[in-house]
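Colleague: Sharing a model prediction with you, sequence too.
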Amino acid sequence: MDPGSLHPHSTMLRFNNIVSNVEDAEIVVFLSYQFRDDESIDKWVGMFKEFEYKIVLLDFTCEIFSGALHRRMLMEESLENVVVLTNGLPNDIRDFIQLKKKGCDVEVIPFFLKYIHYYFPLRVKPDDQTITNRKFLLMVGKLKVERTALIGLLRYHGILSQGHVSYFRERNFSPEATEEYYDSDAPFKQKQIVKQGLDHIGSDLYLDVFELDYDTSHGRQYNSDYYHACDFVVVCESDAARGILFITEKIGKCIQLNKKFILLGSKGLLSYTKEQCKIHLNRDISHLTDWCDTSYDEIDNVWERVEKIVEIIRDVE
């Protein structure tokens with residue numbers, strides 16, 4: 001319904017027969033990115049009735065389902081022709097029972113995990129250019145408050161230099177970029193330590209990617225050189241504080257490369273990932289997760305969880 005946003009990287013589905021008009025379609029696909037605000041949600045949900053003799057597919061295969069969309073759909077009398085495919089649920093949705101009562105078919109699947117074979121690891125460096133092996137790999141990606149705390153603490157304790165660490169240069173650790181962390185509910189003492197750490201970070205924390213763009217964020221091909229040049233990976237998942245269990249390609253790449261990892265995510269995400277691997281990949285990944293103290297996965301407070309992860313990284317021989 002929005003061809004301008006239909007990009008191979010914006011969905012985990014593969015469309016083999018895209019027709020040129022709605023009349024010839026059996027399935028009408030709405031992408032998650034179309035449901036951005038109340039106005040667009042109302043517009044698109046209002047159109048569902050126009051396609052009552054077709055399947056209306058809501059494609060959230062790369063995203064968590066929208067709580068606002070869920071509330072709006074509950075206002076409809078019938079959703080018998082609607083199918084929802086989603087990676088997971090936000091905190092304000094316990095389940096999809098009410099939608100199912102209206103006839104909606106809902107499937108919750110960790111698509112990035114089940115279909116990680118859509119991603120292709122590449123060896124980019126020439127054979128005559130070696131990368132020094134280091135303790136860990138930390139691809140910071142987009143700056144978020146928990147990641148800011150993690151980097152500051154690692155630098156303060158002198159651990160940062162033991163890893164291959166990168167952030168997108170356009171989002172560096174300047175005072176402006178870290179203001180959100182300093183305004184957070186993190187403990188005052190931790191903020192002081194983090195600030196001391198960040199004050200001693202240079203501008204050279206990048207590997208082979210300088211800036212954040214669509215292909216960097218969502219591309220299916222990725223450089224695996226630095227994964228092979230570390231003992232383990234510190235994965236910063238999309239959500240670490242709201243309790244959302246959302247597995248993305250960040251975890252999937254470690255599993256694909258059979259690489260040990262420590263996970264900075266929501267409480268319980270590590271155990272959830274292990275469970276989902278057994279269900280969807282028929283794999284036990286304990287050797288990739290339980291090689292270190294995994295008690296961090298059960299810590300309620302995100303700031304305490306971050307500090308525990310730093311402690312584990314420091315103590316790994």
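Modeller: Yep, that arrived. Please read all numbers here as calculations on a predicted model, not as lab measurements.

Colleague: Tell me where the protein has helices.
Modeller: For the chain, applying DSSP state H gives helices covering 38-47, 67-73, 97-101, 111-114, 145-156, 179-182, 188-198, 214-218, 225-228, 249-256, 269-280, 286-289, 302-315.

Colleague: and the ones you listed, which is most packed in?
Modeller: Of the helices of the chain, the one with the most neighbours on average (mean count of other Cβ atoms under 10 Å) is helix 145-156, at a mean of 24. Where you see a C-beta, it was placed from the backbone N, CA and C, and this is true even at glycine.

Colleague: Of all the helices of the chain, which one is nearest residue 208?
Modeller: Nearest of the helices of the chain to residue 208, taken as Cβ to Cβ: helix 225-228 at 7.5 Å.

Colleague: Distance from the helix or strand of the chain with the lowest mean pLDDT to the middle of the chain?
Modeller: When the helices and strands of the chain are scored by mean pLDDT, DSSP states H and E, helix 214-218 comes last with a mean of 73. For helix 214-218, the separation from the chain centroid amounts to 13 Å (computed by Cα atoms, centre = their mean, to the nearest Å).

Colleague: One more: stretch 26-44?
Modeller: Distance of stretch 26-44 from the chain centroid (Cα atoms, centre = their mean) equals 21 Å.

Colleague: Now do the end-to-end distance for it.
Modeller: Terminal residues of stretch 26-44 are spaced 18 Å apart (Cα to Cα, to the nearest Å).

Colleague: mean confidence score for that stretch?
Modeller: Average pLDDT, stretch 26-44: 92.

Colleague: now do stretch 142-154
Modeller: For stretch 142-154, the mean per-residue pLDDT is 91.

Colleague: Please give the number of neighbouring residues around the residue nearest to residue 234 when sequence neighbours are not counted.
Modeller: The shortest distance from residue 234 to any non-neighbouring residue, by Cβ to Cβ, 6 or more residues apart in numbering, is to residue 138 (4.4 Å). Counted by other Cβ atoms under 10 Å, the residues lying close to residue 138 total 26.

Colleague: and residue 138, what are its bridge partners?
Modeller: residue 165 (DSSP bridges).

Colleague: can you pull the contacts of it?
Modeller: 150, 151, 154, 163, 164, 165, 166, 233, 234, 236 (Cβ atoms under 8 Å, 6 or more residues apart in numbering).

Colleague: residues near the nearest residue to residue 265 once chain neighbours are set aside, how many?
Modeller: Spatial nearest neighbour of residue 265, chain neighbours left out: residue 237 (3.6 Å); criterion: Cβ to Cβ, 6+ apart. Neighbours of residue 237 under the rule other Cβ under 10 Å: 21.
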